[in-house]
Structure formats: structure tokens, C-alpha cells
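[1] Sequence and predicted structure are below.
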Amino acid sequence: MLKIIINYDFLEALIFEENKNHETANKIANTIQKDHFLYIPCHVLFNIMKKLDKYDHETNIKFLENIQMTTRIDYQNNKQIFQSAYELYKSNNSLTLLDCITIKYMQSKQIKHIISFNQQFDQIKKIKRLYKLDEYNPKRLNFNTY
């Protein structure tokens, strides 16, 4: 059983067919097992919902119902997480503030795995990023070891 963060760019690729990583995201999504604990931090969910607002209400409802059935949504990013994320953001110009919030959220929940196409997560020690499937064993989630 793994605890895994689902990042914005993965959700975006999964939802929108025109995304260059759409096919890979679908393959990864089909590989995720029922015993994995999937987490979507509130800032990630809110950003993807902002993009989905361009679509009809029924599409948004279906997406939210699916997400609620398959993941754990954490609506609490406390001030301490934000403050430590802000400190990381100030000291690292290659990460966005949202990336820093995700990193600090992961650390607070002791989550070491993330599904993301964002290479910036590779520079963070103790975070393992899944961005593709192992071509020799495509039925298993295969995280990098950076």
C-alpha cells in the first residue's frame, strides 16, 4: 500500500485529450491499484476545478464525484504548511509556490510518492515521482529514485 499525491499536471493530462501526456496519464491511471491511497491537496483540486469551470456543470459534477470516490481530498493546508512552503519558494527559484505547498504538504503527511510530469519534484530528496510506466513491467507503478 502506497500513499500517493496526485499533482495538477497529471490530472490535467488525464482529463484533457489534447494534452501531450494524455495517453501516458491514462495508462498510469489504469495501473493504480485499489489498495493505493491517493491524495489530492486542496490547492491542486481548486486549480483543476478553475480550469474545468469552462465546461458544463454536469461535467464538473461527474469529475468531482469520481474524484471523491477514488481519492482522499484534504481541504486543510494550514498556516504552518504555507509558511514553510513560502520559505522554500523564496530559497528556490525553480519551484512554483504551488509546487512548494505540495512538497510541504507531502512532508507533513509523510507521503513520499507523487504522480506528476513536473521534473522539478526530482530535485527534492525523499520524494519519488511517477511520470511514466516501466516498459518492461507496465502493470506496476515504477517511481524514480532521485
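    Good, I have the coordinates.

[2] contacts and neighbour counts: CA atoms only from here.
    Noted.

[3] What mean pLDDT does stretch 10-21 get?
    Averaged across stretch 10-21, pLDDT comes to 90.

[4] Low-confidence stretches in the protein?
    75-77, 133-146 (pLDDT under 70).

[5] let's go with 80 and repeat that
    Low-confidence segments of the chain (pLDDT under 80): 1, 33-35, 55-56, 59, 69-70, 73-77, 132-146.

[6] Give the burial count for Leu64, as a bare number.
    13 (other CA atoms under 10 Å).

[7] Phi first, then psi, for it.
    Main-chain torsions, Leu64, degrees, to the nearest 10: phi -60, psi -40.

[8] where does it sit relative to Met1, distance-wise?
    Using CA to CA, to the nearest Å, Leu64 is found at 24 Å from Met1.

[9] And for Leu38?
    10 Å.

[10] More neighbours: which of the two?
    Leu38 (21 against 8).

[11] packing partners for the helix or strand where that one lies?
    Using DSSP states H and E, Leu38 maps to strand 37-41. If contacts are counted by 3 or more CA pairs under 8 Å, 6 or more residues apart in numbering; DSSP states H and E, strand 37-41 sits against strand 3-6, strand 72-74.

[12] Only C-alpha atoms, please: export it in PDB.
    Provided in PDB are the C-alpha atoms of strand 37-41 (Å, rounded to 0.1, in the frame of the first residue of the first chain):
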ATOM      1  CA  PHE A  37      -4.100   5.700  -1.000                       C
ATOM      2  CA  LEU A  38      -4.400   8.600  -3.400                       C
ATOM      3  CA  TYR A  39      -4.400  12.200  -2.100                       C
ATOM      4  CA  ILE A  40      -5.300  15.500  -3.800                       C
ATOM      5  CA  PRO A  41      -4.400  18.500  -1.800                       C
END
